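Visitor: kindly return the folded structure for what I paste below:
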Amino acid sequence: MMETTNLVLINRFCSNCDLEYSFINSLRECGLIDIIVIDDKKYILDKHFKKIVQAIYFHFELNINIEGIDVIHNLLDQINNLQDELKTTKNKLDFYEFG
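Guide: This is a model prediction of the structure:
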């Protein structure tokens, strides 16, 4: 049996957040999250909570469809990657300036 420490049962999550499973499944279909099946029970990784909470906000508060949420998350990922690259470049520059 697989360890479920970092997993959250989707049925419980949906019940607690008053969400339909179809919303979570839509996030999976567009590649935003992964669903893991163990013993016929469906789980999400707790590391996906931030994306799910953002998606809930975008969809239910701002009326953005799933495709729009996917685009937003891809852009946010690109921004994070560029920020990481910029940080690395600054560190290298600092090294050569003061090294």
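
Visitor: for the lengthiest helix in the chain, which positions count as buried?
Guide: The helix that spans the most residues within the chain, counting by DSSP state H, is helix 66-98. By 16 or more other CB atoms under 10 Å, the buried positions in helix 66-98 come out as 66, 69-70, 72-73. For glycine as for every other residue, the C-beta is placed from the backbone atoms N, C-alpha and C.

Visitor: with pLDDT added, can I get those residues in CSV?
Guide: Listed next are these as CSV, based on pLDDT from 0 to 100:
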residue, pLDDT
66, 96
69, 97
70, 96
72, 97
73, 95
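
Visitor: turn the residues you listed into JSON lines, columns for distance to residue 7.
Guide: Output for these, formatted as JSON lines (distance: CB to CB, whole Å):
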{"residue": "66", "distance to residue 7": "23"}
{"residue": "69", "distance to residue 7": "22"}
{"residue": "70", "distance to residue 7": "23"}
{"residue": "72", "distance to residue 7": "25"}
{"residue": "73", "distance to residue 7": "21"}
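
Visitor: go through stretch 23-36 and flag the buried ones.
Guide: So for stretch 23-36, counting by 16+ other CB under 10 Å, buried means 23-24, 26-27, 32-33, 35.

Visitor: if you look at these, which of them are in strands?
Guide: Counting by DSSP state E, the part of these found in strands is residue 35.

Visitor: about what we covered before: what's the closest of the buried residues of helix 66-98 to residue 48?
Guide: residue 73 (10.9 Å; CB to CB).

Visitor: pretty sure that closest one contacts residue 50?
Guide: No. Assessed by CB atoms under 8 Å, residue 73 is found out of contact with residue 50, at 10.2 Å.
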